[in-house]
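*Asks:* Make a model of this:
(2 chains)
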There are 2 protein chains.
Amino acid sequence: MELRSGSLTTGLPARALADELTDTLYQCRGVRIERIVSTGQATPEGQWYDQDGDEFVLVVTGAARLLIEGEAQERELASGDWLLLPAHCRHRVTWTEARPPTVWLAMHFARAAPSQA
Amino acid sequence: MELRSGSLTTGLPARALADELTDTLYQCRGVRIERIVSTGQATPEGQWYDQDGDEFVLVVTGAARLLIEGEAQERELASGDWLLLPAHCRHRVTWTEARPPTVWLAMHFARAAPSQA
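*Replies:* The predicted structure is shown next:
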């Protein structure tokens, strides 16, 4: 791997986009690090994320609301807030701040045998 | 693993401390995620970090300067700036902003066979 660098908070869209932007910053041995930029997107009604591996997610800028299956209340996430979502912890994003865009840092971990991934 | 959550930017020291604060947020299968709070610390003169695994590091708040061995100039890091440091990329932190504290998110990856870690 080569040395790489960047900024999570530059190159942000000036207006709301139809879809989220996802950039993969690192992918190696079952680990994937992504920057995700949301401009108002939410998980479609009735859909849930249900992932085979653990996920670490951080709100870098902006704000979001996230619902964990089985919890009565959505969680409010602001800049600096992080969550560790175990594999198969079903969740959905119910709201993201569009302006300024909401920037997430997400790390996905393979559930099994990451050295083979 | 259980669902966990927190904020990288709360519970910060009100004044400079003698040592950096390090909290491990996640440790599993050769991956370790840490929050590190610096209040002016730097790598002691003549010392280098030289790690067996890749590292991803993000400045969440504050600012820092980092020198990569072989580079003429220190790199200036501000909030949102990240680096991917390959294993054995020798580097040292030459300065960190003390007030407000500099908050880092660091991810360390085992070099080999993370599933055995």
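*Asks:* ok, and the residue nearest the centre of chain A, which helix or strand is that part of?
*Replies:* By C-alpha atoms, centre = their mean, chain A has its centre lying nearest to A:Ala106, at 4.4 Å. In this assignment (DSSP states H and E), A:Ala106 forms part of strand A:102-109.
*Asks:* what angle sits between that strand and strand B:102-109?
*Replies:* Strand A:102-109 and strand B:102-109 meet at an angle of 30 degrees, taking axes from the mean of the first three to the mean of the last three C-alpha atoms, to 10 degrees as the criterion.
*Asks:* Correct me if wrong: the residue nearest to the centre of chain A contacts A:Ser38.
*Replies:* No: A:Ala106 lies out of contact with A:Ser38 (C-beta atoms under 8 Å); the separation is 11.1 Å. All C-beta atoms are positioned from the backbone trio N, CA, C, and that covers glycine.
*Asks:* What ranges does chain A have for its strands?
*Replies:* Listed in chain order, the strands of chain A (DSSP state E) span A:4-7, A:21-28, A:31-38, A:55-61, A:63-68, A:75-78, A:81-85, A:91-96, A:102-109.
*Asks:* Once you drop chain neighbours, what's closest to the residue lying farthest from the centre of chain A?
*Replies:* For chain A, the residue at maximal distance from the C-alpha centroid (C-alpha atoms, centre = their mean) is A:Glu2, at 24.5 Å. Spatial nearest neighbour of A:Glu2, excluding adjacent residues (C-beta to C-beta, 6 or more residues apart in numbering or on different chains): B:Pro86 at 6.6 Å.
*Asks:* swap in A:Leu105?
*Replies:* Among residues not flanking A:Leu105 along the chain, A:Leu58 sits closest, at 4.5 Å (C-beta to C-beta, 6+ apart).
*Asks:* got the angle between the strand holding A:Ala106 and strand A:91-96?
*Replies:* In terms of direction (the same axes, to 10 degrees), strand A:102-109 departs from strand A:91-96 by 170 degrees.
*Asks:* now strand A:102-109: mean pLDDT?
*Replies:* For strand A:102-109, the mean per-residue pLDDT is 97.
*Asks:* For it, buried residues please.
*Replies:* Residues of strand A:102-109 classed as buried by neighbour count (16 or more other C-beta atoms under 10 Å in any protein chain shown): A:Thr102, A:Val103, A:Trp104, A:Leu105, A:Ala106, A:Met107, A:His108, A:Phe109.
*Asks:* repeat for stretch A:22-33
*Replies:* For stretch A:22-33, a neighbour-count test (16+ other C-beta under 10 Å) marks A:Leu25, A:Tyr26, A:Arg29, A:Gly30, A:Val31, A:Arg32, A:Ile33 as buried.
*Asks:* Tell me who's in contact with A:Thr39.
*Replies:* A:Pro13, A:Arg15, A:Ala16, A:Leu17, A:Glu20, A:Thr96, A:Ala98, A:Arg99, A:Pro101, A:Thr102 (C-beta atoms under 8 Å, 6 or more residues apart in numbering or on different chains).
*Asks:* Help me confirm that the third one comes into contact with A:Pro100.
*Replies:* No: under the contact definition of C-beta under 8 Å, A:Ala16 does not touch A:Pro100, with a separation of 11.0 Å.
*Asks:* Give me the contact list for stretch A:96-104.
*Replies:* A:8-9, A:12-13, A:16, A:34-42, A:57-65, B:80.
*Asks:* measure A:Met107 to A:Gln47 for me?
*Replies:* Distance of A:Met107 to A:Gln47, given as C-beta to C-beta, to the nearest Å: 22 Å.
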